[in-house]
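Participant: please work out how this folds:
(chains A and B)
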Amino acid sequence: MRKYIQQLKDLKSLIVGLFITGDNLRKSTVTVHYPRQEVHNLASFRGPIELLPKPKNPTQPRCITCMMCVSTCPSGCITVVKHKAPKPSAEEKQAMAEAEARGEKVAKPKAPKTPKQFLYDYSLCSLCGLCSEVCPVNSIGFSSDVYMVCRRRSELKLDLLARLKAKADREGRTVDEVA
Amino acid sequence: MLDVILSPQFMRIVLAAVAVMAFIAANGLVLVYMERKIAGHIQRRPGPFEVGWHGLLQPIVDAGKLIGKQLFTPDGADGLLYWLAPVVSFVWVLPLFIPIPFGPQLTAFEMDLGIVLILAFSGTNLLALCMAGWGSNNKWSLLGAARAVAQSVAYEIPLLLAILAVAFTSGTLDLSNTVKLQGGWPWQWNIALQPLAFLIYFICALAETNRAPFDLPEAESELTAGFHTEYSGMAFGLFFLAEYANMIVVCAVATALFLGGWQGPVFSGVWWFLAKMYALLFLMIWLRWTYPRVRFDQLLNINWKWLLPLSLANLMLTALLTKVF
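Facilitator: Have a look, this model is predicted:
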């Protein structure tokens, strides 16, 4: 008997449910009619990743080619090509050999810690953000380029260094125009 | 023979059949639009929006798409049953509209046993579902059909008992008369006398028309599309139209039996009937987008443990009271 009384009491939840959906029916919609309207909080969206520039040099990425992003990326969409160490010329080699013969410590020329190429395949990327999380120098962030379209797959393979330069150029120009 | 065909009654029925066809098609379009718009706004999105002003032409485009699609017979299907099912489903909807009193004059054919005719013919939709489920040679279709049978057979009983209670109080099975016996104001309607019967009727009507939360024969998440899984194009379209036509019928009967039909406080007429009918249809759509689908044992439990005893008790009480007063 108690079960049936409980079932009758539960009928109230049906009315509550109707009020909830009825309330939503009355309220205005929350979706955006894309071509006619655009979102205003684009900064909170995730576009394809971009390299962040050094504070003083907008064309240079902060990247130190530690390869953390490459090894962390679950879909393997990042490729970083390092600079090779400069080859010493014949005189330098000879000088080094002589210095070594004298028993001095000789530092071999080191490769610069900036990337030669930073390639990114947006068609593979799932925008998980692990690359930007592991980056020790905070060189990777999401762009706000969420409306990006292209005609073929190959156009989704992006050269992030070139994009950084293009962005710096673009912003430099706008700064000039403003000034 | 010729004098029968030329008789005014026959011509009236033929004209009515044509008008009913047009009415079903027009209302099908309106209901599809209404359903999608309400579904959208309940979920805080606009619903169809791109075709025409606020998506008004969307149902027409949908119909064009359905008509343009290829009709397809699955391997191993029973061709005759398979193709007969949508036709049967749709054709037997037409006689359901004949005794419905849309207005004081706007009744296709007034008959003493109007409700009986509607109840008798509404059972044939189940036959169509069975044919579709069996003929498709598909396990989902067959399961859907089996569910439809169990559900319809169960829910027809309290439906009949609820209607019978109203027939007891008004003393007639003629829908036009039932409407005339009620008044214009809500407290003069049968729903004031028989609130429980109305509730039972409406729940059973939801189940009989396979509407959510009782849409088990076509449960998308379990049975793909149930009995019409294999149908494409206009064959599916006919099932679809028949479903909406059945919704209109149950709401029209509820309006005539319980809500005073075309009688209103002021300016009684067909507009009152349509307004009440559409209010009920709106409620049906609202319910669909509010409640989750019940489980099959729950479905049958609601019927056998609640609706059937309640409707029986209601009928007994009604019979007693009509005898006493």
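Participant: quick check: residues of chain A near chain B?
Facilitator: With Cβ under 8 Å from any Cβ of the partner chain as the criterion, chain A comes near chain B at residues A:7, A:14, A:17-18, A:20-22, A:24-25, A:27-31, A:33. Placement of C-beta: from N, CA and C, glycine included.
Participant: out of the residues you listed, which end up buried?
Facilitator: Neighbour counting by 16 or more other Cβ atoms under 10 Å in any protein chain shown classes A:21, A:24-25 among the residues of chain A next to chain B as buried.
Participant: make a markdown table out of those residues and add secondary structure.
Facilitator: Output for these, formatted as a markdown table (DSSP: H, G, I helix; E, B strand; the rest coil):
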| residue | secondary structure |
| --- | --- |
| A:T21 | helix |
| A:N24 | helix |
| A:L25 | helix |
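Participant: nearest to A:R163, of those?
Facilitator: Distance ranking of these against A:R163, using Cβ to Cβ, places A:N24 first at 41.9 Å.
Participant: pLDDT at that closest one, what is it?
Facilitator: The pLDDT attached to A:N24 in the predicted structure is 88.
Participant: cool, and A:V178?
Facilitator: Note for A:V178: predicted pLDDT of 46.
Participant: show the backbone phi and psi for the residue sitting nearest the centre point of chain A.
Facilitator: Of all residues in chain A, the one closest to the mean position by Cα atoms, centre = their mean is A:I49, 2.3 Å from it. Dihedral pair for A:I49: phi -70, psi 160, per degrees, to the nearest 10.
Participant: OK, contacts around it?
Facilitator: Each residue near A:I49 by Cβ atoms under 8 Å, 6 or more residues apart in numbering or on different chains is listed here: A:120, A:125, A:127, A:131-132, A:140-143, A:160.
Participant: buried residues, the worst-scoring helix or strand of chain B on mean pLDDT. List them.
Facilitator: None of the helices or strands of chain B scores lower by mean pLDDT, DSSP states H and E than helix B:220-223, at a mean of 74. Buried residues in helix B:220-223, counted by 16+ other Cβ under 10 Å: B:L223.
Participant: show me where chain B has strands.
Facilitator: In order along the chain, chain B carries no strands (DSSP state E).
Participant: picking that back up, and the furthest pair within the residues of chain A next to chain B?
Facilitator: A:Q7 and A:H33 (44.0 Å).
Participant: and stretch B:148-165, how far out from the chain middle?
Facilitator: Counting by Cα atoms, centre = their mean, to the nearest Å, stretch B:148-165 is centred 13 Å from the centre of its parent chain.
Participant: what average pLDDT does it get?
Facilitator: Here the average pLDDT along stretch B:148-165 is 89.
Participant: name the residues of that stretch that come out as buried.
Facilitator: Buried, per 16+ other Cβ under 10 Å, within stretch B:148-165: B:148-152, B:154-165.
Participant: neighbour count added to the contacts of A:I49, as a markdown table?
Facilitator: Below are these laid out as a markdown table (neighbours: other Cβ atoms under 10 Å in any protein chain shown):
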| residue | neighbour count |
| --- | --- |
| A:Y120 | 25 |
| A:C125 | 21 |
| A:L127 | 13 |
| A:C131 | 22 |
| A:S132 | 18 |
| A:I140 | 25 |
| A:G141 | 16 |
| A:F142 | 17 |
| A:S143 | 18 |
| A:L160 | 23 |
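Participant: now render those as a markdown table, adding secondary structure.
Facilitator: Putting the contacts of A:I49 into a markdown table (three-state DSSP) gives the following:
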| residue | secondary structure |
| --- | --- |
| A:Y120 | strand |
| A:C125 | coil |
| A:L127 | coil |
| A:C131 | helix |
| A:S132 | helix |
| A:I140 | strand |
| A:G141 | strand |
| A:F142 | strand |
| A:S143 | coil |
| A:L160 | helix |
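Participant: looking at those residues, which one is closest to chain B?
Facilitator: The closest of the contacts of A:I49 to chain B turns out to be A:L127 (Cβ to the nearest Cβ; 23.3 Å).
Participant: gap between the nearest residue to B:G261 once chain neighbours are set aside and chain A?
Facilitator: Distances taken as Cβ to Cβ, 6 or more residues apart in numbering or on different chains place B:V179 nearest to B:G261, at 3.3 Å, with adjacent residues excluded. Per Cβ to the nearest Cβ, to the nearest Å, B:V179 is found 28 Å from chain A.
Participant: how many residues are close by B:V179?
Facilitator: Look at B:V179: counted by other Cβ atoms under 10 Å in any protein chain shown, it has 26 neighbours.
Participant: residues contacting it?
Facilitator: Contacts of B:V179 (Cβ under 8 Å, 6+ apart): B:101, B:256, B:260-263.
Participant: check the gap between B:V266 and B:V61 for me.
Facilitator: From B:V266 over to B:V61 the distance is 39 Å, taken as Cβ to Cβ, to the nearest Å.
Participant: start and end of stretch B:125-143, how far apart?
Facilitator: One end of stretch B:125-143 sits 17 Å from the other (Cα to Cα, to the nearest Å).
Participant: what comes up buried for it?
Facilitator: For stretch B:125-143, the neighbour count (16+ other Cβ under 10 Å) marks B:125-138, B:140-143 as buried.
Participant: and if you look at stretch B:294-302?
Facilitator: Of all the residues in stretch B:294-302, those buried under the rule 16+ other Cβ under 10 Å are B:294, B:299, B:302.
Participant: pick the one among those closest to chain A.
Facilitator: Ranked by distance to chain A (Cβ to the nearest Cβ), the buried residues of stretch B:294-302 are led by B:I302 at 9.4 Å.
Participant: surely the closest one touches B:F296?
Facilitator: No - at 10.9 Å, B:I302 and B:F296 do not qualify as touching, with contact defined as Cβ atoms under 8 Å.
Participant: and chain B, which residues reach chain A?
Facilitator: B:38, B:40-46, B:49, B:286-287, B:289-291, B:306.
Participant: filter those to the buried ones?
Facilitator: Neighbour counting over the residues of chain B next to chain A (16+ other Cβ under 10 Å) leaves B:38, B:40-43, B:46, B:49, B:286-287, B:289-291, B:306 as the buried ones.
Participant: biggest separation within the residues you listed, which pair?
Facilitator: For these, the farthest-apart pair by Cβ to Cβ is B:F49 and B:W306; their separation is 41.0 Å.
Participant: where do the strands sit along chain A?
Facilitator: A:49-51, A:78-82, A:115-121, A:140-142, A:157-159.
Participant: can I get the buried ones among the residues of chain A next to chain B in JSON lines with distance to B:V14?
Facilitator: Putting these into JSON lines (distance: Cβ to Cβ, whole Å) gives the following:
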{"residue": "A:T21", "distance to B:V14": "43"}
{"residue": "A:N24", "distance to B:V14": "46"}
{"residue": "A:L25", "distance to B:V14": "41"}
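Participant: ranges for the helices of the stretch 101-250 of chain B?
Facilitator: Using DSSP state H, counting those that start in this stretch, the helices found in the stretch 101-250 of chain B span residues B:114-122, B:124-135, B:139-170, B:175-181, B:190-193, B:195-208, B:220-223, B:233-258.
Participant: and those helices, which one is worst for confidence?
Facilitator: Among those, helix B:220-223 carries the lowest mean pLDDT, at a mean of 74.
Participant: now it - C-alpha only, PDB.
Facilitator: This file holds the C-alpha atoms of helix B:220-223, laid out as PDB (Å, rounded to 0.1, in the frame of the first residue of the first chain):
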ATOM      1  CA  GLU B 220      15.000   5.300 -31.300                       C
ATOM      2  CA  SER B 221      17.600   4.400 -28.800                       C
ATOM      3  CA  GLU B 222      16.700   0.700 -28.600                       C
ATOM      4  CA  LEU B 223      15.000  -0.200 -31.900                       C
END
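Participant: mind giving me the packing neighbours of it?
Facilitator: helix B:139-170 (3 or more Cβ pairs under 8 Å, 6 or more residues apart in numbering or on different chains; DSSP states H and E).
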